[in-house]
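S.K.: the following comprises the amino acid sequence and a computationally predicted model.
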Amino acid sequence: VDPVHPTTRREARANPNPGPYTYGDPAVLAFLPNGDFLLGDGYWNSRIVKYDADGEFLMEWGELGDGPGQFDLVHGVAVDRDHRVYVGDRTNNRIQIFTEDGDYIEEWPDVSDPVGVYIDENEAVWVISGRLNRILKYNRDGELQYYLGAFGGTRGGFPGGLSRPHQLDVDQEGNLYVASWDGGWMSKLVPRPGADASKLVGRPLVLTN
């Protein structure tokens, strides 16, 4: 990406029709197997921007609103094996699903404060609810299967507790790491021996061509 393109918050706020390299606090990235990537430009702009592997602009979609294909704070993006794009439409409290080229497929309503979306190797869709301090497990049909997590206070809560969680990942041993934004800590959760695998967040889905 050309570093001379304007990317400051002030420039983005002042530009009601941002160009492909003018951002307003972008919150998330997700990659496609060919190297193309999607940028969730959600705080001041309400859109997904798609680039190729060299950072060249390809397309964008979205605008402020609560209708299909509209957003109010894009704060999570993930891609499944079929290249379906899951978007955490945070203030609208829903997940929207698109093709990789921005064609609207469906939405999952009533998902409280979806700040992050993570798809594991078993294709479970895990949604981080910042407001509920929970990690919600959905199947591909948008049906809630399970949830984990509880409020852990701020700046020193109980072990394993969450405080406005914002990001998660899983290592090769299956240990779960969760970053609590308001709490200011990172939690590491280790699976118990003999734990029910359906209730564990799996390792990340790896997309291949």
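M.R.: Happy to help now that I have it. Numbers count the residues shown, from 1 in each chain.

S.K.: tell me which helix or strand of the protein sits lowest on mean pLDDT?
M.R.: Every helix and strand in the chain was compared by mean pLDDT, DSSP states H and E; the lowest is helix 9-14, with a mean of 63.

S.K.: next secondary structure after that one?
M.R.: strand 28-31 (DSSP states H and E).

S.K.: quick one: low-confidence ranges for this structure?
M.R.: Low-confidence segments of the chain, defined by pLDDT under 70, are located at 1-17, 153-158.

S.K.: show me the domain layout of it.
M.R.: 1-110, 118-201 (automatic domain parsing).

S.K.: contact partners for the most centrally placed residue in the chain?
M.R.: Taking CA atoms, centre = their mean, the centroid of the chain lies closest to residue 76, which sits 2.0 Å from it. Residues near residue 76 by CB atoms under 8 Å, 6 or more residues apart in numbering: 27-28, 40, 86-88, 90, 114-117, 127-128. No exception for glycine: its C-beta is placed from N, CA and C like everyone else's.

S.K.: which of the three states applies to it?
M.R.: Counting by DSSP: H, G, I helix; E, B strand; the rest coil, the backbone at residue 76 sits in strand.

S.K.: just residue 35 next, same as before
M.R.: coil.

S.K.: how about the nearest residue to it, chain neighbours excluded?
M.R.: Distances taken as CB to CB, 6 or more residues apart in numbering place residue 53 nearest to residue 35, at 3.0 Å, with adjacent residues excluded.

S.K.: next, the buried residues of stretch 47-62.
M.R.: 47-51, 60-62 (16 or more other CB atoms under 10 Å).

S.K.: same deal with stretch 182-196?
M.R.: Buried residues in stretch 182-196 (16+ other CB under 10 Å): 182-183, 185, 187, 189, 191.

S.K.: which single one of those residues is nearest to residue 20?
M.R.: Of all those, residue 20 sits closest to residue 182, with 32.7 Å by CB to CB.

S.K.: give me the neighbour count for the residue nearest to the closest one when sequence neighbours are not counted.
M.R.: Counting by CB to CB, 6+ apart, the nearest residue to residue 182 once its immediate chain neighbours are dropped is residue 164, at 3.8 Å. Residue 164: 19 surrounding residues under other CB atoms under 10 Å.

S.K.: then residue 92?
M.R.: 21.

S.K.: quick one: contacts for it?
M.R.: 66, 71-73.

S.K.: buried subset of those residues?
M.R.: Buried subset of those (neighbour count, 16+ other CB under 10 Å): 71-73.

S.K.: show me those residues that map onto strands.
M.R.: Assignment to strands by DSSP state E places none of these there.

S.K.: looking at those, which is nearest residue 205?
M.R.: Taking CB to CB as the measure, residue 205 lies nearest residue 71 of those, at 23.3 Å.

S.K.: ok, back up a step: between the contacts of residue 92, which is closest to residue 147?
M.R.: Taking CB to CB as the measure, residue 147 sits nearest to residue 73 out of the contacts of residue 92, at 21.8 Å.

S.K.: what's the neighbour count on residue 177?
M.R.: Residue 177: 14 neighbours (other CB under 10 Å).

S.K.: wait, is it part of a helix?
M.R.: No. Per three-state DSSP, residue 177 lies outside any helix segment and is strand.
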